[in-house]
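> Pasting the sequence and the predicted coordinates here, then a few questions.
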Amino acid sequence: MSHLSRSRRWFVAAGVLALTGVGATPAVLRAQAASGPTQVILVRHAEKATVGGDDPALSELGKARAADLAAALRSAPPSAIIVSSLQRTALTAADVVAATGVTPQAIPVAGGAAHIAAVASAVQKQTGTVLVVGHSNTVPAIIKALGGPSLPDICDATYSHLFVFTPARDGRAASLIVSRFGANEAAPPATCAGMIPK
């Protein structure tokens, strides 16, 4: 059966948040509007294997989701790809890399806040559409570091979220679209216990 089965949904918008750049000075907002990416697409890595210690590869479900990501981005290919130093993020981006020829930039995960700042800095040096593949506890923090809203960590059992962040530009407020791609998962538990990095 094709991985494009009926159980798959593409870019089903779950909500749109208008942002006002809270905490950013007018000079910072003007600088962001004059440079940087026009769009940032952020996803968590796909489903990971149950073996492999702290740096597992993708499971079969994860490999299918990585293919789904490439299919979802076929009409809007990124001009830059940023991943963490853990292989599950690079493997999630691998089909997109193969389709676009874009060499991903890997940012070491060590350092917590330093990693978030390094990813945000790398994103802001790009133009066009940037794909960021991170972790359940880093993707929301990266969105905030780029000028987006505060979001909770992604549940450990959730892999289908896709965030499309448009920075403030040309007098327009920033915006965030929360969507899904690939196979749907079961509903997450009421509380999300986690691992670091996720």
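Great, that's in hand.
> Could you tell me how many residues sit around residue 172?
11 (other Cβ atoms under 10 Å). From N, CA and C alone the C-beta is placed, and that goes for glycine too.
> do the same with residue 67
17.
> tell me the SS of it?
helix (DSSP: H, G, I helix; E, B strand; the rest coil).
> Show me the helices in this protein, by range?
Ranges of helices in the chain, per DSSP state H, are 26-34, 60-72, 87-100, 113-124, 139-145.
> Out of these, flag the one nearest residue 185.
helix 60-72 (9.4 Å; Cβ to Cβ).
> returning to what we had before: how about the helices of the chain, which one is nearest residue 52?
So among the helices of the chain, helix 87-100 is nearest, using Cβ to Cβ, at 8.4 Å.
> Show me what counts as buried in that closest one.
Of the residues in helix 87-100, 87, 88, 89, 90, 91, 92, 93, 94, 95, 96, 97, 100 count as buried by neighbour count, 16 or more other Cβ atoms under 10 Å.
> centroid residue for the chain?
residue 42 (1.8 Å; Cα atoms, centre = their mean).
> Tell me where this protein has strands.
Counting by DSSP state E, the chain has strands at residues 15-18, 39-44, 80-84, 105-107, 129-134, 161-166, 175-180.
> so where's the chain shaky on pLDDT?
Filtered on pLDDT under 70, the chain yields the residue ranges 1-34, 186-198.
> from what I can see residue 159 touches residue 65, true?
Yes: look at residue 159 against residue 65 with Cβ atoms under 8 Å: they come within range, at 6.1 Å.
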